[in-house]
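Trainee: Below are the sequence and a predicted model for it; my questions follow.
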Amino acid sequence: MKRLILYALALAAVIVFLGSGCASYFVQYDRAHKGVSNIWPDTPCAGSIEVTRSHGMLHFGVDGPWREKEFYGMFFKRGTAYPEEFYFTVAGDSQTRIAESKGRVEVRGRDVMIDIQYRDQAGKWMSPPINGRHKIDSVLPDDIQPALDAAKKAVESYNAQKKQPNQAPEPTPTTVTPPAGQEARQP
């Protein structure tokens, strides 16, 4: 019994240790984005990079396991050809705000290099934890069409199978081989 308790404590310590300092990122590049977030749709932009950062210890709740998340948005004023001209949004505890920012956000194929600073609510310049090179996980609208095409093909295939009921193959005539000395007959 004592050994079982030690194993359980060791397993709990490993789970806490492995989940405590790791961060994961989901990066989405929307080429067709025309407004700064849903909060300021009247502020025009020419594309966006949105980063979701999951970090901290893994928590277990009623809805299942979860980790803390932070949301950042870089909305290009004139497109990716001007990497220093962007609006930067930070999703805080209860609200999303546009923060004064400086730096560069360079899109290179399916990668993005983020090197920015922003002014927090106290007026101090901060470097966000998303600085660095990241793989772009989703490019919109480019990644939407292949997914829609695959779904359409799957539905068409399903409907085609549904229209053709499973039919048993027609029986083939067989000949019964009689024992020696008797005639062959058809069934």
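Mentor: Received the coordinates, thanks. These figures come from a predicted structure and were not determined experimentally. Residues are numbered from 1 along each chain as shown.
Trainee: Am I right that P128 is in contact with Y72?
Mentor: Yes - judged on CB atoms under 8 Å, P128 makes contact with Y72 at a distance of 6.1 Å. Every C-beta, even on glycine, is put in place using the N, C-alpha and C of the backbone.
Trainee: any residues in contact with both of the two?
Mentor: V90 (CB atoms under 8 Å, 6 or more residues apart in numbering).
Trainee: Could I get the pLDDT score of R119?
Mentor: Note on R119: pLDDT of 92.
Trainee: for P187, that is, sorry about that
Mentor: For P187, the pLDDT comes out at 51.
Trainee: same check, this time on E106
Mentor: Note for E106: predicted pLDDT of 96.
Trainee: That one: what's it in contact with?
Mentor: Contacts for E106 (CB under 8 Å, 6+ apart) come out as 80, 83, 112-113.
Trainee: among these, which ones are buried?
Mentor: Listed as buried from the contacts of E106 are 80, 83, 112; burial here means 16 or more other CB atoms under 10 Å.
Trainee: want to throw these into JSON lines with secondary structure, pLDDT and distance to Q95?
Mentor: Output for those, formatted as JSON lines (DSSP: H, G, I helix; E, B strand; the rest coil; pLDDT from 0 to 100; distance: CB to CB, whole Å):
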{"residue": "T80", "secondary structure": "coil", "pLDDT": "92", "distance to Q95": "27"}
{"residue": "P83", "secondary structure": "coil", "pLDDT": "95", "distance to Q95": "27"}
{"residue": "V112", "secondary structure": "strand", "pLDDT": "96", "distance to Q95": "25"}
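Trainee: Just name the closest of these to A10, please.
Mentor: The closest of these to A10 turns out to be V112 (CB to CB; 39.6 Å).
Trainee: which residues does that closest one bridge with?
Mentor: V107, H134 (DSSP bridges).
Trainee: Return the residues in contact with it.
Mentor: By CB under 8 Å, 6+ apart, the neighbours of V112 are 27, 29, 49, 105-106, 133-134, 136.
Trainee: and which of the residues you listed is nearest D142?
Mentor: Looking at the contacts of V112 and their distance to D142, the nearest is Y29, at 8.9 Å (CB to CB).
Trainee: The closest one and G73 touch, don't they?
Mentor: No - between Y29 and G73 there is no contact under CB under 8 Å: 11.4 Å.
Trainee: Mutual contacts of the two, please.
Mentor: Both Y29 and G73 are contacted by 48-49, under the criterion CB under 8 Å, 6+ apart.
Trainee: I'd like the contacts of E106 written out as CSV, with distance to D142 added.
Mentor: Below are the contacts of E106 laid out as CSV (distance: CB to CB, whole Å):
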residue, distance to D142
T80, 14
P83, 20
V112, 15
M113, 20
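Trainee: ok so, going back, out of the contacts of V112, which end up buried?
Mentor: Neighbour-count burial (16+ other CB under 10 Å) applied to the contacts of V112 gives 27, 29, 49, 105, 134, 136.
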